[in-house]
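Visitor: Following is a predicted model, sequence given first.
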Amino acid sequence: MKALSVRQPYAWAIAHGGKDIENRSWGAGYRGPLAIHAGARWDEDGATDKRILRALHQFGDRFTPPLRVERLGPTAVRLLRDGQLTAGAVVAVARVELVCIGQRGCGCDSPWTVQGQYHWRLRDVQPLSAPVPCKGRLGLWDLPDDVEAEVMSQLALASQQAGETS
């Protein structure tokens, strides 16, 4: 399975916050399943990104304890990097539906798009119940066999459990 390392808190936003576009300076002809790897580095811009904070407000109560923010002023907050967000592990699997250059009219009308970047349109995001530790890499890379086996096992179990509840 192909994988892409994404800095936190953007990896959290893909897995749990409705982030359906990953912006990159490079495109790829790849379509299909993609493991979302939460990189070891923190993106400080993401900590104050209004889209992240909106997603946190909407979806953040799914976590126990809830993700924490620091008030920077009357209307400004910042997501805290306090160890609650996983780093250095696969946290979700998505399907890459399309990769297009980010220009007006490309069909990517998500609030997550950045003009001038390649938009990796993600669908069918499935967060993993337990992050699978793994060292990340730059670019699009292949998961090690043992990591892929654990990821696939979790996806199969989640699918089985979903079938039992319906």
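Guide: Cool, the structure landed.

Visitor: Just give me the longest strand of the protein.
Guide: Once the chain is assigned using DSSP state E, the strand that runs over the most residues is strand 118-133.

Visitor: Each with direction, which strands does the very next helix or strand once past that one pair with?
Guide: Heading C-terminal from strand 118-133, the first helix or strand you meet, by DSSP states H and E, is strand 140-142. Under the criterion DSSP bridges, strand 140-142 sits next to strand 2-8 (antiparallel) in its sheet.

Visitor: taking the mean pLDDT, what do you get for the helix or strand that the strand it pairs with is followed by?
Guide: Downstream of strand 2-8, the first helix or strand assigned by DSSP H and E is helix 10-16. Per-residue pLDDT values over helix 10-16 give a mean of 93.

Visitor: Need the contact partners of helix 10-16.
Guide: When contacts are defined by Cβ atoms under 8 Å, 6 or more residues apart in numbering, helix 10-16 is touched by residues 6, 19, 22, 36-39, 43, 46, 51-52, 55, 59, 62, 67, 85-86, 91-92, 94, 112, 122, 125, 127-128. From N, CA and C alone the C-beta is placed, and that goes for glycine too.

Visitor: Please flag which of those sit within strands.
Guide: Using DSSP E, 6, 22, 36-39, 91-92, 94, 122, 125, 127-128 are the members of these that sit in strands.

Visitor: pLDDT value on R62, please?
Guide: Among the per-residue scores, R62 holds a pLDDT of 63.

Visitor: Then the one 4 residues further on?
Guide: As predicted, P66 sits at a pLDDT of 58.

Visitor: Same question for Y30.
Guide: The confidence metric pLDDT takes the value 92 at Y30.

Visitor: pretty sure it contacts V99?
Guide: Yes: in this structure, Y30 sits in contact with V99. The criterion is Cβ atoms under 8 Å, and the distance is 7.3 Å.

Visitor: between these two, who's got more neighbours?
Guide: When Y30 is set against V99 and neighbours are counted by other Cβ atoms under 10 Å, the residue ahead is V99, at 17 against 13.

Visitor: Now do the same contact list for that one.
Guide: Residues in contact with V99, defined by Cβ under 8 Å, 6+ apart, are 27-31, 118-121.

Visitor: pretty sure it belongs to a strand, no?
Guide: Yes: per DSSP: H, G, I helix; E, B strand; the rest coil, V99 lies within a strand segment.

Visitor: and the gap between it and K2?
Guide: V99 sits 12 Å away from K2, taking Cβ to Cβ, to the nearest Å as the criterion.
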